[in-house]
Every structure is written in structure tokens, then in C-alpha cells.
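J.: Sequence plus the predicted model coming up.
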Number of protein chains: 4
Amino acid sequence: MSIGLGLIGTGFMGKAHALAYRAAGAVFGDLPDVRLALLCDTPADKAATMARQFGFAAATDDWHVLVESPEVAIVSITTPNGMHREMALAAIAAGKHVHCEKPMALTLEDAREMEAAARAAGVRTIVGYSYIHNPAFAHAKRLIAEGVIGRPVHFRGVVDEDYQADPDLPWTWRAKRADAGLGTLGDLGCHLVSMAIGLMGEVESLVADTQIIHATRPLADGSGQGAVENEDAATAILRFESGAQGALSTSRSAWGRKNKLDFEVHGTRGMIAFSQERMNELQLYVNDGPRAQQGFRTILSGPEHPPYGAFCPAPGHQLGFGDLKTIEAASFLRAIAAGEPVHPDFAAALGFEAVIHAIDVSAREGRRVQL
Amino acid sequence: MSIGLGLIGTGFMGKAHALAYRAAGAVFGDLPDVRLALLCDTPADKAATMARQFGFAAATDDWHVLVESPEVAIVSITTPNGMHREMALAAIAAGKHVHCEKPMALTLEDAREMEAAARAAGVRTIVGYSYIHNPAFAHAKRLIAEGVIGRPVHFRGVVDEDYQADPDLPWTWRAKRADAGLGTLGDLGCHLVSMAIGLMGEVESLVADTQIIHATRPLADGSGQGAVENEDAATAILRFESGAQGALSTSRSAWGRKNKLDFEVHGTRGMIAFSQERMNELQLYVNDGPRAQQGFRTILSGPEHPPYGAFCPAPGHQLGFGDLKTIEAASFLRAIAAGEPVHPDFAAALGFEAVIHAIDVSAREGRRVQL
Amino acid sequence: MSIGLGLIGTGFMGKAHALAYRAAGAVFGDLPDVRLALLCDTPADKAATMARQFGFAAATDDWHVLVESPEVAIVSITTPNGMHREMALAAIAAGKHVHCEKPMALTLEDAREMEAAARAAGVRTIVGYSYIHNPAFAHAKRLIAEGVIGRPVHFRGVVDEDYQADPDLPWTWRAKRADAGLGTLGDLGCHLVSMAIGLMGEVESLVADTQIIHATRPLADGSGQGAVENEDAATAILRFESGAQGALSTSRSAWGRKNKLDFEVHGTRGMIAFSQERMNELQLYVNDGPRAQQGFRTILSGPEHPPYGAFCPAPGHQLGFGDLKTIEAASFLRAIAAGEPVHPDFAAALGFEAVIHAIDVSAREGRRVQL
Amino acid sequence: MSIGLGLIGTGFMGKAHALAYRAAGAVFGDLPDVRLALLCDTPADKAATMARQFGFAAATDDWHVLVESPEVAIVSITTPNGMHREMALAAIAAGKHVHCEKPMALTLEDAREMEAAARAAGVRTIVGYSYIHNPAFAHAKRLIAEGVIGRPVHFRGVVDEDYQADPDLPWTWRAKRADAGLGTLGDLGCHLVSMAIGLMGEVESLVADTQIIHATRPLADGSGQGAVENEDAATAILRFESGAQGALSTSRSAWGRKNKLDFEVHGTRGMIAFSQERMNELQLYVNDGPRAQQGFRTILSGPEHPPYGAFCPAPGHQLGFGDLKTIEAASFLRAIAAGEPVHPDFAAALGFEAVIHAIDVSAREGRRVQL
């Protein structure tokens, strides 16, 4: 019997989910069948049009209907962040598995409520931290686990884009804490945290500072300037539970950066470095062999880095962003079929998002924050 | 009414076609419906299994059945190159549109026959020169057309992989001219030619040389060595009809290269450079503005480079190889619906493949060859 | 009349100074003559041998003799950091101009004393922050001053090497605070600070954390383990007086990094990025012209970036580390001849080194430190 | 007793020679003393001024005087290429050692005459093929000699600059074969040949084509257009005596390329790649260890790559173009002291230059040319 998918939202992430669930079964031979059951957007004709384009069996403009539909076993939530909580709680209450985009919620309290509800209901959850599904990232984790770079002792990361770099961009609700929550930390920073924790383990404490680069932005109606309430940039210095330390920085106002999501793991025997804008490459340095031949190796993703081979048997042919979403969807389908948790579920995502909120607290209160 | 797809083959390219036709309609909102009608492979149970995985309605182990099926309007041919001609001619005879993997055929004569048959029958054709569907490649063409780098005067290209670099790999039928046709020119070189012609126009003549790097390979049964009959590497110096010149090199025995398919177009005002292993980047140099600020720009693919935006509204998120196939499939579906030719059809592909055969002739006969 | 140079030390930096002062006059046509008057090292025969190799007129094993010599107008101090203060104070007392390697001293108090003495005596001073003499760095400053990237709002920097990455390296005096002062902050971090201040202006305050990665190291005599007392890694989050913010990280235990000294300046119209391991390249992104053609430009150093042209009239031919020292020496000679200050003199260097000590204080005391 | 240097020319290469001979002894501890004896340029006051700047003991405006001077043991020739032959023959006739810039001469006949004269006279010679003195190049040769990449089977090279890319540049004597000889082959191509032969051994035969991109250029006096008689671009396909093959291309009209002098050596076990614009990096791929960890290593030049350490004991600090000239001068001084040949002497350079002339012949006559 196939698993019915109900998808809420048809924007950037909505389309990404639709494409991923369409592709997953054909890419991987070991998945349960998934049925594109119901698509929700507003207004109704848009929902119908997109359902036709994406191949959904039906459409609705009422997400409550979707959440309650007996045709739907998975609810995919790709709406603006402020709506995640209500939709997820309703889906959980209806006994659905939930695939929620990141961040889970605007506040940590909301995220905690969502996690507790999912745990109590025993449904499967996954949050859209897509970058950790990259075969290159999985390879980095494997190399660390195998001791190839020794003990990880230091972490560095940045995640920058430039969608808020232009001072002349108009003010939007995204600049308002009550509506949008955090700024670059919620949009970008949490992705980097998902990688940092994946590679280094849990964070013990941190000190941080944040920056509003463009204090005001012109109101769209020309009536003046609106205040920007959430951070354009942030930096945190981390202490991990392992004793390792590290740093991460993020900016949504970094001209020229389109999806720069970079990390370095410094080990006692070597280093691993990665840059999302070249997501099919992993840099590895190992203190091994003749010193005169040592250097960072650029490892191109290929079939030796599962599940790359499910997409393409030839190395160097490049996966794209959409393929990461396909891996994410496949993981969720497998977990549902197996009745087992998947990474990153609400509990894991809560851990990621606790860090970005701790950064915010540290910056506002000027003190070290324990996780 | 939807267009029925019949796909022959489920290997690397077979899967790529299946995924592409599954995705195309959901990615692009303007396509005619396509129906995954019939999948052919041998043995029959493999065909059935893969049909289930790929989402085809039916399966067969007899490609003649597929070609004749009234459910099938497009025949996708992804079998070994030596089988393309027979299958394509049969499909054309049955009035089907043909999506054929590259190279079209083992010999230029066969390719000519295929092109003539398709032309006579008035069916639509497309050949799997996927790399020219890259938004970055389209952007390069557009920049040239707009005069951004002035008049194109010189071309450079290489296409290298390492799948035949290891001297200890066993002999296979791929080393035999009668079965496999050309070597690296047919596997890789023709892709580069498709780019060279796309950017620079038709080739007028060339001089070339080829090289068999590993003269023999161990027979799989341990009974000795088998001769390698086709080239491991080749270089050609081109004169284009425009008066521009250029060079291209290819090797299937280039350790470390996984999909290095690089070109440079030298213009009178600037240069464009590209490397497939970083397929989401285009390098552009323009002799413009203060000299002290001039440099090669790394342009990351984004929504400004159609049809990137159909996959993702955010720049820098990276398309993958599979996405190129999706664009290819979409182009074909649009052409069929519109009753218009698409690039590269059999006629265009014949032009590409004439060049690789001319390289072979020039090398064997030690003379300049006119196209 | 020529200016006599007295050089103390013949190691890495001693040789670098010798080569720089030998070359400066021939590279630049506008310098006062410099005479390699006296070289000091111990023992005496080493001093004599190196004087012969470096082309010094005389040698001594007593730095007091050098400092007092009437042949000497400039005293170059390239000895271990703990000796800088005493030598510099003696040279200043003798009325000599002082070219001192960085960091000025082990403690901020010592550095302050040196600066005050030089100021009181009216001698010229320069500190060996060589990287800011790179034509590419000067170009970055010029681009910022011209507003090419708008108002600088954010800074990022890292400076990493791997000379203390190996856990098995023996304990040396460099691990002892009393003898060596700070760790990676004094060796590497201060270089980055010299760049940060040069690009962004003065630092107002910071929060920081430091890390000792290898808590102990084996004693050379095999008698056990010695404690490492100074930091292997450090990160600071900076607030500049301009209102800009930023972050810098440094590690001496970063496998594979040989001289990674990288910075980014985020502006309201663009970004500049630089990496010392590719010191002849500057990355520039400007939000200008068609969006589809925007990208980071790799600007190769050339004659448009003074004083590159004094070394070589052809762009892209590459300057080396030694050439930076030659520019530094030339700057000092010009300043002496003109009777004017040069950057970075003791006062400027004191400003740089105040920052690394503030980082240390912030880390040890867990609080924001005002500069 | 010291060796007297007489230098003819004070332009780009003249200055480079002066700086190199000034620095060599101080960099390397094992060299015979060299004395900057006599500098020649015209007019006389320029010679005097530059002698003062460069540190030469005397100046002349008559190169015959220099060549005959008893103070001079080495004659360095850095004048326009058309003057090399006459000066070198005179210097040889006077029993001087000759350091000649490349190419040796305008024609192969002239170069042969020079080589024969030097051989007959028993003087030492060296030609300014500076790039093969790069420690990274020496390391590449060593890696090949040690079998690290197996047997070299294929070579690729390009050498491009953009000093003749602008169609509006005025006509100069450099466009005239009688005065300038070959075009880009003589300026740039011969450098690449010096690398190809150094890495792969002698060339057996080749086929080639050349291109004049800008057929005419505006005459400086505004009287019309002057014809360009020598090639702007060239490509050759090489067969080496070893059985390896390869290709090389060169252009002086390649916008954005400042000193792109790149090569790849394909071996049976790996590959080496190099790019002069990043002259402190060597790329190495070896088919060794786990396939999932294979990749091109970026080896940064350091003390493990002699003679880097003579300049700097710290890796990654970067040598520059001038340092290559210093190594070249040092090699020559050592050879003179030892009474032994040095690479590349006139005989070796004749071998390099035979190849560029063969390329020219092949292109003009449309046939394979044997070396």
C-alpha cells in the first residue's frame, strides 16, 4: 500500500518537496510507494493549477482539510515559518507524519511544543535541513568517524547570502521579529548549526554577537522607513561538549554570496573543508605520506560516496540541490516504512534551533549561554 | 492528450531519461503531458522491476514491440551505441519521434542514414548532448550573441575522464572498433564538439592526431592480451567557417578527471571559460572599466540564467546532471507539441559527429580534412 | 650620504631583512642609499659567515656594539620576541631608527614602553607587519576608499598555519607564556589584526574565546610532558568604532594551512576577499551592471597595483613574500629620508597588539573588553 | 676572486637580471662572488642612472665596450631578440660566458650559429627560460622521475597572455617577421616547450596550425593599417620520442590571461597539473589509497621543494617571479665556478626553439614536421 503525501505550499520549498517525492522512488529501488495525494495552496485555482503541474491527485485551499484527509499520511509543511507550529500540531493531532521545513518555528518554545507533541503521538518527523543529506557531507562524517583526520578539535563555519545586502530593498514582514522570528540565524545560520553538530557533536555553551546592518528599510508605500528588528549578521564562538571549540558566522547581507555554506573541521591528523557553492567537492588534508606531496585533495563526489550512485554511476557528474531534497524525502519514506526515527527529526532539529536562539540570547544579554 | 514515452534501456542513461521525463512536467508549467507508457529491457523480469521503480505503465523485453506500440509516441534509445541505428530506423519507420543517446551511431554512414530517414519521415528527433542544455552554457551563448566578448576568434576545449586510465583494466568490447566505433572521441569528444559548434559555428577543416595509450589490455579469461583498436586520446586543430580557429583534446585515460569538459572562447573584447566539473559557474572576462579592477568573474548560475529558475528561485543552489536531462526532455516535449524542430536534432548531431569522424580520418591519413 | 643598516639576527626574518635592504634601492629608483654596515649574531664566526653571505661590511656577536655603532643608523631587530624590548630601547636610547619584527613585545606593557620611548626620542620606527605592504592589500584599501564596495559594514578574517598541529611535536619554550607571551595570537593573529584595522578602522570592543588544543607536549629529554600555557586557537567577535562588526579566528594547529591569512570586507555595494596563500589575487564583487553577469572577479596583481610595477612591468608574474619585505624596507628608508612617520610605526603596531591582548583578556575573564 | 657581470639592457629583463645577480649570493650560501661590473644602455645618461640604481660599478652606452671589458666575465643579454645573435657572438668571441634572454634568436639558423660558437669556444651559456627554475616545476620532474604518476603518456599545455588582445593597439615592429621573428611562439610558446621537453623528453614530430587574429593594426602615425605578419595564436600536436603524445596552444590575444602557462602530465598512475598564475601550487593526483579519498592535491611550495628553503623556511609564503630569476642566476654562477654545463644552455635552448620553428613550418606548409 502506498503512502499518501499532502503538501502545503507551492513556493520554493513546496516545489522542491513535490519534485523530491516524485523522484525518490524512481531514484531508489528500495522505497515504499508514495502517492501525491493532496496539494494545498491559496487561492483554490492556484492550488488546482499547481496540483496539475506537480502531479497531485487533488487540490485544496484549506490546509485543515489536507491535515485531516484520510488520503494523507505525510504532511509536508513549506509555508512561512510562522505557520509551521499550528499546522504541525494539527497534523500530529491527526496522527500524520510531518515533514516540516526549517526552522521549525519562530521561537524555541514553539519548537519545543512541536517536538513534545510529535513524541507523544509517536509520529515520524523530519525537518528540511537538506544540506546534511549531501553525499559529500556524509563522506565527511564517515572520514571523521574512521579517524582519518584524527580527533576533531576545532570547527569553523560561515553561511552567507546576499538577499538582504542591498540597502534599497523595501521593508517586509521578514524584518519584524514577531512575524519572522530571527533573521539570518533562522534563515541560514541554523543550516550551519545542523552541520556543526553533525560533525562535532553537541554544543555546551557559546558567546555571540549579532548585528543589524541596515537599521531601517524604505516602506513599500513610500511613507518612510521601517525598522529592521532582527539580525543581518551574527557570529558565535562555540564550546562543544567534546571539548572542541569553534566559530560560526552568518550574514544575509554579504554581497556576492549566493549559498556560501562552508565549514572546516580541524583534526589532530588532518582537516576537512567544504563549501556548499561547490557542493560536489570535499577538501581533505591528511598528515600522511611524504611531506613534499601533502596538500588538500579535492574529492569529487561519485559512486564511492553513497547515495550518489543512485542518481548517477559516473563520478564528477554533479548532484544538484534538488537531489538533496530527494535524498531527504527518501530517508523519510524509509523511516516511515521501517517505523524508525530518521535524522533530523523534530528532536534533532530542536537541538539545532536551540543553538541559534542561544546565539540571540548571548548577543542581547552580553553573556555566555549554556545549551 | 498525453504523449506516450517508450524507453529502451535502464542503465545510466536509461535511468537518466526516466527521471527526466518524470520530472519535466512538474518543473516546467508549460509542457504537454507525458505518459511513461512502456519500458524495454532484458530479461523480462528486469524490465518489469525497473518499470515499477521508474513508474512506467508496462514493460517488455522486445524493443520491436515497444517501437510498434500505439501507446508510444516517443522512443527513447539508451542502449549501447551499436544498436542505435537499427532501433532508430525502426522507430522512425513506425512514425515515432526519437530521443537517441549520443553518439547517434558507430559510423558516420549510419548516422547519415538515420538523419535522412528522420527527415523523410518528418518525425521529431533529439540526441542526448545534455551539456548544451546547461543554463550556464546558454548564458555563454547569449553573452557571445550580445557581443559582450566581441567577435569570437579562438576556441579551446578539453574533455577528459579516467575510466580507461588504469592499465590493468580488462579488455572489453569497447576497445574493438567494429563493436564500439571510435574511442574517447565517441564517448567524450563529441560532447565537446557540440559545445564548440554551438559557440563558434560550423567547422571548415581540421588536422588531428590520435593516440592509443594502452595498446593492449588483459583478456578477462586470463588467456593473454587483447588489442585496443580505438583511440584513448585525440587532439584536433580546427578552422571554423567564421575564420576563427581552435583546438580540442580528449582523453579517456586522464587520471583524476571525472567529467572535465572545459572550454574557452576568446573574443576580441573578452573571454568566456567554463568547466563542467563546476557546471554551475561561468567565467567571464571583459575588457571594460578600470584596468585595475578587471579580472575573471565567477558567475554562479541562478534565476537570471534560464531555465535555472524553473528548478529553484535562489541562485547558487546548484543544478545537477539530472537537471540537464530534464531540460533536454522538456525541450523535446515542447518541440513535439509545437511541431517544430529542436536542438540538437539528428541533423545537428550529424554535424557534431562528422567532426569526430573527420578527426579520426585526419589522424589515420595524416592530412587536413575538410568538413 | 648613505644610511647604515645594523641587523640583529640571521634566521628567517634576519635573512628576509638582509635580502630586502639589498634589493630595495635597485627595485625603486627613488630611495636614499642604504649601506649594509653591521650584522650581529652569535657565535661570532656565524655572524662573520652570514655577514659575508648577506654582504654586510662587518660582523659582531654583541648587539650592544651594534646598537652603539656610529656606522649604524637603522637597527633591524629580528631576534626572538622576548628580546625585542631591551634591544629596541637601547637602540632608541642611542638615537637609532628601529625596524622591529612583530610582535613588538611579549606584553602590552612592554610594547607601550617601547612606543613611548620612540616617541620621546623622535626616531623613526616600523614593525614587520609585512602583509599590509602587498599591492593587492593596498588595492583593497583603495577600492574601499573610493567607495567601490560602498560602506564597509562587516569583516571576516582567519589566519591559520599548521606548525603546531602535530600532537607529537616536542614541548619548547614557545609554549611558555613567560618566555613566548601569547601563542597563535602573537605569531599569526596580530597580522590579521593589522589587516582588519587597516581596512575597517579601530576596534571599539570585543568578546573572545581561546583554546589550548594540545594541553601538553612531550619533553624533549623524554622525562614526561610539559604544559602548553598559551593558546593554539582563538576567535574574537569585534565591534569597530565605525559601527561595523566582524570576526577573526586564528589557529597554529590547522593541518594543511601553510600561510592562510584571509579576509573579507562586506560593503553595502560589494565585497572584497583575499587569501594570502594566493597573495597575487584579489576577489572583488560589485553590485553593478547586469545581474546575470555579476560574479566575484579574480584580479591578478599587475602594474596597475603599485608598487607591483617596480618589480615587474608584466601583470600576473607574481610577487613573492620577499618582495613584501622589500616594499617594507623601502617605505622605511623613504620615511627616514623624509623625516616623516611610516605605517605601521610603533604607535600603529601598539594598536594592533592591544587587540590581541584584549582577546586574551576577554577569553580569560569571560567578558567584553573595550579597546 | 669574484666574477664580473656585464649586463646589456635595463628594461623588464634587464632589471630582472640585475635584481637576480644582486640577490643570488645572499640567498644561497654556496655561490662564487659576483661583481656588478658594467651596465650598458643608451643613451649614456640612462646607463649611468640605472647603473647607480642597480648598483653597477660602471656604465657604458656601447655594448662592444662591455663585451670586451676585462672586468666582465659574464655577458647578460636582455636586448630585443633581433640583437641577441650579434651580441652573443661577440661575447663568445671575447671568451665571455653568456646569459641570454629567450628566445635566443629570430631564426633557427641564427640560434644554431650561436650554439656552435659557444660550443667551439667552450664558454658557459644559459638562456632565460626562467619558469623551469620554479621549485614546483623541479618537484614535478622529481615526482615523474620517482614514478609517482607512473609512465608519462600524454602532455597538455597552454601559454596565453593578452598583451595583443586589443584590436585597437597600434602596429609595432613586433608584428613584422623580419624584425621580430615569430609571434606568440617566440614570446610565450617557447617557454611552454621548455617545460614540455623538461617533463616529457624530446619531441619527435608534430603537426600544427597558426592564426593571425588581428590581420592588421592601425599605424601609429594615423596613415592607415599595417599588416601583422606573425602569429597571434598557435596550436601543435606533438609526438614525443618516448612514444607519448601531447598538445600545446599559445595565444598573445587571450583576454584576461596575464601569465597563464599551464601544463598537465598524464601518467599511467596519476596526473600532475600546474598553472603559472598560481606558481606556488602543484596539483597531483595519484591512483592510490581508498578511491573515495582520491582527488587532486594542491601542494603548496615549501622547504620540501628545493631551493624554496633558501628563500624562506616557512611553506606557503610564496616565491615570486624575481625569485625564479635568482635561482637561474645562481645556477649559472655555480656552473661557471664548477666549469660544468648548466640547464638550459644554448644547446638545450636550441632544442626548445627548434620546436617553435617546426610549428611555424608545419602551419605554413601544411604537413607533419620531424624534429
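T.: That came through, no problem.
J.: Excluding covalently adjacent residues, which one is nearest to A:S2?
T.: Sequence neighbours aside, A:D33 is the residue nearest to A:S2 in space, at 3.6 Å (criterion: Cβ to Cβ, 6 or more residues apart in numbering or on different chains). Quick note: C-beta positions are derived from backbone N, CA and C, even for glycine.
J.: show me where the stretch 101-250 of chain A has strands.
T.: Remark: strands assigned in the stretch 101-250 of chain A by DSSP state E, counting those that start in this stretch are A:125-127, A:152-160, A:203-211, A:216-218, A:225-227, A:233-240, A:245-251.
J.: Which parts of the stretch 201-350 of chain A are helices?
T.: Along the stretch 201-350 of chain A, the stretches classed as helices by DSSP state H, counting those that start in this stretch are A:308-311, A:321-338, A:346-365.
J.: closest to D:Y131 out of those?
T.: Nearest to D:Y131, of all those, is helix A:308-311, at 38.7 Å by Cβ to Cβ.
J.: Centre of the chain to the closest one, how far?
T.: Helix A:308-311 has its C-alpha centroid displaced from the chain centroid by 21 Å (Cα atoms, centre = their mean, to the nearest Å).
J.: domain parsing for chain A?
T.: Domain segmentation of chain A under automatic domain parsing yields A:2-130, A:132-319+A:344-370.
J.: Could you dump these into CSV with mean pLDDT added?
T.: Putting the domains of chain A into CSV (pLDDT from 0 to 100) gives the following:
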stretch, mean pLDDT
domain A:2-130, 98
domain A:132-319+A:344-370, 97
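J.: Dump these into CSV; add mean neighbour count as well.
T.: Formatted as CSV, the domains of chain A follow (neighbours: other Cβ atoms under 10 Å in any protein chain shown):
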stretch, mean neighbour count
domain A:2-130, 21
domain A:132-319+A:344-370, 21
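J.: So for B:R112, which of these sits nearest?
T.: Of all those, domain A:132-319+A:344-370 sits nearest to B:R112, with 29.2 Å by Cβ to Cβ.
J.: Now distance to chain C too, for the helices of the stretch 201-350 of chain A, in CSV please.
T.: Listed next are those as CSV, based on distance: least, Cβ to the nearest Cβ, whole Å:
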stretch, distance to chain C
helix A:308-311, 25
helix A:321-338, 19
helix A:346-365, 9
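J.: Rebuild those helices as TSV, extending it with distance to B:A329.
T.: Shown next, in TSV, are the helices of the stretch 201-350 of chain A (distance: least, Cβ to Cβ, whole Å):
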stretch	distance to B:A329
helix A:308-311	16
helix A:321-338	15
helix A:346-365	35
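J.: Can you name the residues in contact with stretch A:222-232?
T.: Around stretch A:222-232, the neighbours that count as contacts under Cβ atoms under 8 Å, 6 or more residues apart in numbering or on different chains are A:164, A:171, A:174-177, A:180-186, A:210-219, A:251-253, A:360, A:363.
J.: again, only this time at 6 Å
T.: A:164, A:171, A:175-177, A:182-184, A:210, A:212-214, A:216-219, A:252-253 (Cβ atoms under 6 Å, 6 or more residues apart in numbering or on different chains).
J.: chain center to it: distance?
T.: Stretch A:222-232 sits 26 Å away from the centroid of its parent chain (Cα atoms, centre = their mean).
J.: can I get the CA coordinates of it in PDB?
T.: What follows is stretch A:222-232, C-alpha atoms only, in PDB (Å, rounded to 0.1, in the frame of the first residue of the first chain):
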ATOM      1  CA  GLY A 222       6.700  55.300   0.300                       C
ATOM      2  CA  SER A 223       5.600  56.500   3.700                       C
ATOM      3  CA  GLY A 224       9.000  56.400   5.300                       C
ATOM      4  CA  GLN A 225      11.400  53.900   6.800                       C
ATOM      5  CA  GLY A 226      10.600  50.700   8.700                       C
ATOM      6  CA  ALA A 227      12.800  49.400  11.500                       C
ATOM      7  CA  VAL A 228      14.700  46.100  11.000                       C
ATOM      8  CA  GLU A 229      14.300  44.200  14.200                       C
ATOM      9  CA  ASN A 230      16.200  41.000  13.500                       C
ATOM     10  CA  GLU A 231      19.900  40.400  12.800                       C
ATOM     11  CA  ASP A 232      21.500  40.700   9.400                       C
END
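J.: for the residue nearest to A:S2, phi and psi?
T.: phi -60, psi 140 (degrees, to the nearest 10).
J.: can you check the one 4 residues further on too?
T.: With angles defined as degrees, to the nearest 10, A:A37 shows backbone torsions of phi -90, psi -50.
J.: contacting residues around the residue lying closest to it once chain neighbours are set aside?
T.: In space, A:A37 comes closest to A:G4 once its chain neighbours are excluded; the distance is 3.7 Å by Cβ to Cβ, 6+ apart. A:G4 is in contact with A:35, A:37, A:71-73, counting by Cβ under 6 Å, 6+ apart.
J.: Flag every residue of the stretch 151-300 of chain A that's near chain B.
T.: Residues of the stretch 151-300 of chain A lying close to chain B by Cβ under 6 Å from any Cβ of the partner chain are A:258-259, A:277, A:279, A:300.
J.: Where does the residue nearest to A:A37 sit: helix, strand or coil?
T.: With DSSP: H, G, I helix; E, B strand; the rest coil as the basis, the three-state label of A:G4 is strand.
J.: What residues are bridge-paired with it?
T.: Bridge pairing for A:G4 (DSSP bridges) gives the partners A:R35.
J.: Roughly how far does it sit from A:A349?
T.: Computed with Cβ to Cβ, to the nearest Å, the distance linking A:G4 and A:A349 is 24 Å.
J.: what's the answer for A:T42, then?
T.: Separation of A:T42 from A:A349 (Cβ to Cβ) stands at 27 Å.
J.: Identify the residues contacting the residue in the stretch 51-200 of chain A that chain C sits nearest to.
T.: Per Cβ to the nearest Cβ, A:V153 is where the stretch 51-200 of chain A lies closest to chain C, at 4.9 Å. Going by Cβ under 6 Å, 6+ apart, A:V153 touches A:244, A:266, C:213.
J.: now the angle between helix A:346-365 and the host helix or strand of A:L89, please.
T.: Using DSSP states H and E, A:L89 sits within helix A:84-93. Angle of helix A:84-93 versus helix A:346-365, following axes from the mean of the first three to the mean of the last three Cα atoms, to 10 degrees, is 160 degrees.
J.: what's the offset of helix A:84-93 from the middle of its chain?
T.: Here helix A:84-93 is found 19 Å from its chain centre; the criterion is Cα atoms, centre = their mean.
J.: I'd like to know how far the residue nearest to A:D187 when sequence neighbours are not counted sits from chain D.
T.: Nearest non-adjacent residue to A:D187, counting by Cβ to Cβ, 6+ apart: A:R252, 6.1 Å away. With the distance defined as Cβ to the nearest Cβ, to the nearest Å, A:R252 ends up 31 Å from chain D.
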